[in-house]
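Q: The following comprises the amino acid sequence and a computationally predicted model.
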Amino acid sequence: MADHHRIPVHIRRRDIPEGGPVSVCLQLDVGNSRVKWRLLEQGELRDRGHFGHHDSAAKARLLEPLGPEANIWVSSVAGPEFEREFTALAERLCGVSPWFARSTARAGGVANSYAQPSRMGVDRWLAMLGARQRSRERLCVVDAGSALTIDIVSAAGQHEGGYIIPGPALMERALLLDTDRVRFDEDVSYALAPGTSTAEAVRHGIALAQVGAVAAAIAHNGGEQPTLFFCGGAGETLRQLLDRGGSYLPDLVFEGLEVQAREVFTD
Ligand SMILES: Nc1ncnc2c1ncn2[C@@H]1O[C@H](COP(=O)(O)OP(=O)(O)O)[C@@H](O)[C@H]1O
Ligand SMILES: CC(C)(COP(=O)(O)O)[C@@H](O)C(=O)NCCC(=O)O
Ligand SMILES: [K+]
């Protein structure tokens with residue numbers, strides 16, 4: 001079995017011997033909608049993609065080409081069953097035990113506000129570490145996936161707290177589930193104008209709720225205006241609708257995964 005406490009060489013690039021083995025790092029961000037992945041070799045991006053949690057063919061395509069020298073790093077907010085199955089599969093197909101990041105009390109210059117840090121979704125924690133690495137200002141980190149999460153980090157690196165709100169798809173599903181007449185077939189884009197059909201009223205209403213939540217989170221928490229970072233499937237749409245600037249960084253969770261790994265593996 002591969003020793004996953006080895007220092008990943010793409011973090012200590014100076015140590016790579018000329019013509020030495022290629023260091024491979026497969027990184028996964030397992031959300032509630034889908035699994036995002038990227039593959040790095042010597043720290044360079046080689047490939048990326050996404051697949052559904054139960055897509056065994058996709059998992060095999062990803063794992064089979066890896067050798068036992070590979071690193072597999074995972075951020076997962078799926079249940080323990082996914083973790084068990086994926087670990088068994090990786091061990092069987094390439095002889096690597098994946099490393100699963102956990103939310104901790106402190107890492108990468110960020111202090112967690114949770115009394116039980118491990119209860120915080122690791123994707124939220126890693127997105128904050130990724131953002132903190134890019135900016136030392138007060139931060140508002142918005143991850144717009146299945147859930148919309150909004151987290152505030154002070155300039156000193158203290159997690160001030162956060163919000164968990166149903167994301168756009170969940171909001172729409174909730175409406176359809178618990179009403180009889182909210183029904184439509186049109187595929188309407190998210191926008192903020194008042195709707196003049198059921199489809200528009202729903203989609204624009206959801207857009208208003210998502211944008212409004214971010215605006216209210218910032219307004220309610222006063223202090224210095226935070227620098228905005230967006231990630232997640234709906235992140236760029238939300239950033240544009242909010243229209244207050246900020247950066248959309250689809251790899252923020254992966255960036256935080258590297259921050260946490262660097263601390264764990266170089267201890
Ligand atoms: N262009 C888009 N505009 C708005 N929402 C989008 C867009 N593309 C994807 N999404 C939404 O993003 C979500 C998936 O985002 P993702 O960050 O991968 O979620 P998770 O981390 O929960 O698996 C889906 O709910 C989907 O509806
Ligand atoms: C809030 C989340 C569901 C977001 O997950 P996602 O939308 O990325 O799939 C996830 O971070 C989670 O399961 N959190 C655990 C509860 C908490 O963070 O306090
Ligand atoms: K999210």
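A: Perfect, I can see it now. Ligands and ions are numbered 1, 2, ... in the order given.

Q: all contacts plus neighbour counts: C-alpha atoms, from now on.
A: Will do.

Q: what does the stretch 1-150 of the chain put close to ligand 3?
A: Applying C-alpha under 5 Å from the ion, we find that the stretch 1-150 of the chain lies next to ligand 3 at 143-145, 147-148.

Q: filter those residues down to the ones close to ligand 1.
A: Among those, the residues within reach of ligand 1 (C-alpha under 6 Å from any ligand atom) are 144-145.

Q: Most neighbours of all the residues of the stretch 1-150 of the chain next to ligand 3, which one?
A: Asp143 (30 neighbours; other C-alpha atoms under 10 Å).

Q: Surely it forms part of a strand?
A: Yes. Counting by DSSP: H, G, I helix; E, B strand; the rest coil, Asp143 falls inside a strand.

Q: and it, bridged to which residues?
A: Thr149, Cys231 (DSSP bridges).

Q: Contacts only, for it.
A: 124, 127, 149-150, 230-232, 235 (C-alpha atoms under 8 Å, 6 or more residues apart in numbering).

Q: quick one: which of those is nearest to ligand 1?
A: Gly232 (3.3 Å; C-alpha to the nearest ligand atom).

Q: ok, how many other residues are close to Gly49?
A: When neighbours are counted by other C-alpha under 10 Å, Gly49 comes out with 12.

Q: Helix or strand: which one has it?
A: In the assignment (DSSP states H and E), Gly49 maps to strand 44-51.

Q: neighbouring strands for that strand, and are they parallel or not?
A: Strand 44-51 is paired, per DSSP bridges, with strand 35-41 (antiparallel).

Q: Give me the residues contacting the strand it pairs with.
A: For strand 35-41, using C-alpha under 8 Å, 6+ apart, the contacting residues are 10, 22-30, 45-53.

Q: For ChimeraX, write a command that selects the buried ones of these.
A: Per 16 or more other C-alpha atoms under 10 Å, the buried members of those correspond to this ChimeraX selection:
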select :10,23,24,25,26,27,28,29,30,51,53
